[in-house]
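Asks: any chance you could fold what I've pasted below:
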Amino acid sequence: MPLNRFREPFSSADWIFELKYDGFRALAEIEYGRCRLVSRNGNAFGTFQDLALRIGEMFPDNRAVLDGEIALEEINGILAHLPEPAATAFAIAAYAGLRVGEIEGLDWDEYLDGEIHVSRSVWNTQFVYPKTRKTRAPVPIIRHLAGRLELHRLRCGSPVKGPMFTTTKRTRLSMHNVRERQILPALNRCVLCHKAEDDHAKVDHKYARDSRIPEWHGWHACRRGLGSNLNKLGVDDSVIQRILRHSNIATTQAFYIKTLAPDVREAMTKLENSIPKSELDTNWTPDSASTKPN
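Replies: Residues are numbered from 1 along each chain as shown. Presented below is the predicted three-dimensional model:
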């Protein structure tokens, strides 16, 4: 049956809809309280150890294989609260790592064959063009983002060229305005009345932000978060460098890969376990009057 294009997403009172979270398809191989998370290609995930531990604890006396998806909770949490087109712009930043000026400068004809070809950035309403070959490199688009882009295209009237994000007057949409008018009002809401912070002046109680809603850390935090997420999935630093289009891998390693505390603790535990017990003497210190035993 051929596919048809519609201007608006399908909706009907006769259908039940569920929220779809973006994530990583995974198999949970469970064996008597121990769980191993494996990708669809058969590669073991080098992260999500806390999740694997919790799944294993749920099945202490069973062997099983579960098929599911590991969701990136913070990204999904923000996407669930944002209206369009802010949600699509945020998804590009979070899943493709584009800079905010590059998102604002995107045209539809630069998205083709599953890749975004960055050819310009917008800075203070002026076009700025990439100066290095690495900055101009195409960015691969994952399936979740491709689906969002196609829905965004349908809402825009199925354009094939021109700005990807536009105002009602068809001029290029400012990402600064998207942040101020859509993102911040959507994420900064009162826990009592659910009004946006800017609309809270005429209510009879003090504004208190709803801590259940994820906080906005800025456009560039999406780019840094992508680097950290790819690193946790075991992607080589040189590949992350190419995805983020850095000219120097040292920039990627120093500023865009954040090693979380559990990773540090696990690394130090591995170091500790690698030391033979015979070499450990908790009673001896370098300042001790006694000599270290042989």
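
Asks: now the strands for the stretch 101-250 of the chain?
Replies: Secondary structure of the stretch 101-250 of the chain (DSSP state E, counting those that start in this stretch): strands located at 111-112, 115-116, 121-123, 126-128, 139-140.

Asks: worst mean pLDDT among those strands?
Replies: When the strands of the stretch 101-250 of the chain are compared on average pLDDT, strand 139-140 comes out lowest at a mean of 84.

Asks: number of residues surrounding the closest residue in space to S121 that isn't next to it in sequence?
Replies: Spatial nearest neighbour of S121, chain neighbours left out: G101 (3.7 Å); criterion: C-beta to C-beta, 6 or more residues apart in numbering. C-beta here means a position set from N, CA and C on the backbone, and glycine is covered the same way. By other C-beta atoms under 10 Å, 18 other residues sit near G101.

Asks: quick revisit: compile the strands of the stretch 101-250 of the chain into CSV and extend it with columns for mean neighbour count and distance to A186.
Replies: Formatted as CSV, the strands of the stretch 101-250 of the chain follow (neighbours: other C-beta atoms under 10 Å; distance: least, C-beta to C-beta, whole Å):
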stretch, mean neighbour count, distance to A186
strand 111-112, 16, 25
strand 115-116, 18, 25
strand 121-123, 18, 23
strand 126-128, 11, 29
strand 139-140, 16, 26
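
Asks: which stretch among those strands comes nearest R63?
Replies: Minimum separation from R63 across the strands of the stretch 101-250 of the chain (C-beta to C-beta) falls at strand 139-140, 37.0 Å.

Asks: domain parsing of the protein, as residue ranges.
Replies: Structurally, the chain divides into domains by automatic domain parsing as follows: 23-71, 77-199, 223-272.

Asks: quick one: closest of those domains to S11.
Replies: domain 77-199 (12.7 Å).
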